[in-house]
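Trainee: Quick one: sequence plus predicted model below, questions after.
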Amino acid sequence: MQRKTYAKINGDILTNNIKEIKEKYPDYEYYFGIVKNNAYHHGIKCVLDLIKGGINYLAVSSLEEALEIRKYANDIPILCLEPIHLDYIMDAINNNVTLTIESLEYTEKLLEMDLYDTLKIHLKIDSGMHRLGFFDKEELKKAYLLLKENKHILVEGMYSHFATSGVMDPYFDKQVNKFLELTENIPLKDIPIVHMGRSLTLVNHPKLTFCNGIRLGIIMYGFSQSRKEGKSLQSKIRKLKRTWLQKKYKCSKTFLENDLKLKTAMELYTEILSARPVKKDEVVGYSTYKIKEDGYLLTLPVGYADGVNKNFKYVYINGEYLKIIDDCMDMLLVFSPHKMNIGTEVEIFGKHIPISSVCKLLGINGYHLFNQISFRVVRVHVQNNEQEEISY
């Protein structure tokens, strides 16, 4: 790589995460790996690691993403979570991409087409998130019957999406009941795949008896979603509040903690591009930061265009945590009390600065952190100690 700023992606960790999840939650037949937005910015080659671990269905947000996956994996089925424009239905058929159908209008337009081969579809149900999906059971029934009549269409699945964890709110249970209400005229036992859950609901709730599929997102990438009970006064107050809300809303059984042993697979590194002496009270950078003691100003070739800014607070270099004092589009400025060599490796996050710590500093979750590391940053995919540079 020409610019020594890169994200290291450990494929073996991703594989082991899937194995761990399936060992702890073995009762599903279909494990959907959500790999939208380039596998949460880990790089689409990671689909091979996820499949190796036991993912047997992939899900993306668009046909373009599905076609990108086909460069790496030809056989695994892919569900497109957003409706595909009817102009490109043949591309979906030719590349074994499963459609989401979320309205009667879309259904009727699809059935006007002259399909020449089998098209797999999943019916999306709006159980309460109000984003996509059937929300009228008569329209759902009509669409289902019309689709079943077409010899080139396989009604393979039915699904919905939970808006909340349901740990201390009524919405999980409301959505389950709404899903069952909307589908009461559909024989669910005749639908090969029914899936509602996501990472958070997987660990927070018992398996729904009518579901045989689960969608795995952030949990695959190392976030177990376990929330351990603390012993502080604040933790005790939170527990009392949660217990009160669960009783108030008559929440079904939930779990807060789990013992999943997952690891994050992404690490972010750069190097020292420049090192220059600075004196106390000198003003540096855009933010006119005033130096507090004599030392050295280190310039790193990574900036907010890459998804890294001064709110990350510090970096790790040669056993030390050094403060970030300013950011630019393409560079960071870091203060060191002593001289360091140009070319020295710098950890933005990794073994010494966990991703979870960075998330807390930034006030964001793992979804946002992963997706803000831009694809200006080369991905170095690691598997069996072999490395491959990939630019997306």
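Mentor: Cool, the structure landed.
Trainee: Can you pull the domain assignment for the chain?
Mentor: 11-249, 266-390 (automatic domain parsing).
Trainee: Make JSON lines from those and add mean neighbour count to it.
Mentor: Heads up, the C-betas are built off the backbone N, CA and C, glycines and all. As requested, those are exported to JSON lines (neighbours: other CB atoms under 10 Å):
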{"stretch": "domain 11-249", "mean neighbour count": "18"}
{"stretch": "domain 266-390", "mean neighbour count": "16"}
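Trainee: now for those domains, which one comes closest to residue 5?
Mentor: Residue 5 lies closest to domain 266-390 among those, at 4.2 Å (CB to CB).
Trainee: contacting residues around the lengthiest helix in the chain?
Mentor: Secondary structure of the chain read by DSSP state H shows that its longest helix is helix 233-249. For helix 233-249, contacts defined as CB atoms under 8 Å, 6 or more residues apart in numbering pick out 167-170, 173, 229, 251, 254.
Trainee: Give me the next element, helix or strand, following that helix.
Mentor: Per DSSP states H and E, the first helix or strand lying C-terminal to helix 233-249 is strand 266-271.
Trainee: average pLDDT across that next one?
Mentor: The average of the pLDDT scores along strand 266-271 is 98.
Trainee: Repeat that for stretch 171-188.
Mentor: Rounded mean pLDDT across stretch 171-188 is 96.
Trainee: just how off-centre is it within its chain?
Mentor: Computed by CA atoms, centre = their mean, to the nearest Å, the chain-centroid distance of stretch 171-188 equals 26 Å.
Trainee: for stretch 265-279, same thing?
Mentor: 28 Å.
Trainee: Start and end of that stretch, how far apart?
Mentor: End-to-end distance for stretch 265-279: 40 Å, by CA to CA, to the nearest Å.
Trainee: Kindly report the same for stretch 327-347.
Mentor: End-to-end distance for stretch 327-347: 16 Å, by CA to CA.
Trainee: same deal with stretch 300-317?
Mentor: End-to-end distance for stretch 300-317, by CA to CA: 11 Å.
Trainee: Let the chain start at 744 from now.
Mentor: With 744 as the first residue, the last one maps to stretch 1043-1060.
Trainee: what pLDDT, on average, does that stretch get?
Mentor: Confidence over stretch 1043-1060 (mean pLDDT, whole number) is 97.
Trainee: Show me where this protein has its helices.
Mentor: Under DSSP H, the chain gives helices at 754-767, 779-784, 789-796, 806-812, 832-837, 847-854, 880-892, 914-925, 942-947, 976-992, 1098-1105, 1109-1115.
Trainee: Rebuild those helices as CSV, extending it with distance to residue 865.
Mentor: Shown next, in CSV, are the helices of the chain (distance: least, CB to CB, whole Å):
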stretch, distance to residue 865
helix 754-767, 22
helix 779-784, 15
helix 789-796, 19
helix 806-812, 14
helix 832-837, 12
helix 847-854, 13
helix 880-892, 11
helix 914-925, 14
helix 942-947, 18
helix 976-992, 30
helix 1098-1105, 32
helix 1109-1115, 23
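Trainee: Of all those, which one is nearest residue 863?
Mentor: In terms of CB to CB, the element of the helices of the chain nearest to residue 863 is helix 832-837, at 8.8 Å.
Trainee: so what secondary structure elements neighbour that closest one?
Mentor: With contacts taken as 3 or more CB pairs under 8 Å, 6 or more residues apart in numbering; DSSP states H and E, helix 832-837 sits against helix 806-812, strand 840-844, strand 862-867.
Trainee: Just the C-alphas of it, formatted as CSV.
Mentor: This file holds the C-alpha atoms of helix 832-837, laid out as CSV (Å, rounded to 0.1, in the frame of the first residue of the first chain):
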residue,chain,number,x,y,z
ILE,A,832,-35.6,-8.8,-11.9
MET,A,833,-33.8,-10.9,-14.5
ASP,A,834,-30.5,-10.0,-12.9
ALA,A,835,-31.8,-11.2,-9.6
ILE,A,836,-33.0,-14.5,-11.2
ASN,A,837,-29.7,-15.0,-13.0
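Trainee: Identify all contacting residues around it.
Mentor: By CB under 8 Å, 6+ apart, the list of residues contacting helix 832-837 reads 806, 809-810, 823, 827, 840-842, 853, 856, 858-862.
Trainee: Ends of stretch 1037-1049, what's the gap?
Mentor: Note: stretch 1037-1049 ends 30 Å apart using CA to CA.
Trainee: can you check stretch 935-946 too?
Mentor: Stretch 935-946: ends 24 Å apart by CA to CA.
Trainee: Kindly provide the whole-number mean pLDDT of that stretch.
Mentor: Computed over stretch 935-946, the average pLDDT equals 96.
Trainee: quick one: that stretch to chain centroid distance?
Mentor: For stretch 935-946, the distance to the chain centre is 14 Å (CA atoms, centre = their mean).
Trainee: cool, and stretch 947-958?
Mentor: With CA atoms, centre = their mean as the basis, stretch 947-958 stands 19 Å off its chain's centre.
Trainee: again, but for stretch 809-816
Mentor: For stretch 809-816, the distance from its own C-alpha centre to the chain's C-alpha centre is 18 Å (CA atoms, centre = their mean).
Trainee: One more: stretch 974-987?
Mentor: The chain centre lies 29 Å from the centre of stretch 974-987; the measure is CA atoms, centre = their mean.
Trainee: So for it, mean pLDDT?
Mentor: Mean pLDDT, computed over stretch 974-987, is 80.
Trainee: Keeping just the C-alphas, turn that stretch into PDB.
Mentor: The C-alpha trace of stretch 974-987 is given here as PDB (Å, rounded to 0.1, in the frame of the first residue of the first chain):
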ATOM      1  CA  LYS A 974     -22.800  -3.300  41.700                       C
ATOM      2  CA  SER A 975     -22.800   0.500  41.800                       C
ATOM      3  CA  LEU A 976     -25.700   2.500  43.100                       C
ATOM      4  CA  GLN A 977     -26.400   3.700  39.500                       C
ATOM      5  CA  SER A 978     -26.600   0.100  38.300                       C
ATOM      6  CA  LYS A 979     -29.000  -0.900  41.100                       C
ATOM      7  CA  ILE A 980     -31.200   2.100  40.200                       C
ATOM      8  CA  ARG A 981     -31.200   1.000  36.600                       C
ATOM      9  CA  LYS A 982     -32.100  -2.600  37.600                       C
ATOM     10  CA  LEU A 983     -35.000  -1.300  39.700                       C
ATOM     11  CA  LYS A 984     -36.300   0.800  36.800                       C
ATOM     12  CA  ARG A 985     -36.000  -2.100  34.400                       C
ATOM     13  CA  THR A 986     -37.800  -4.400  36.700                       C
ATOM     14  CA  TRP A 987     -40.600  -1.900  37.200                       C
END
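Trainee: That'll do, ta.
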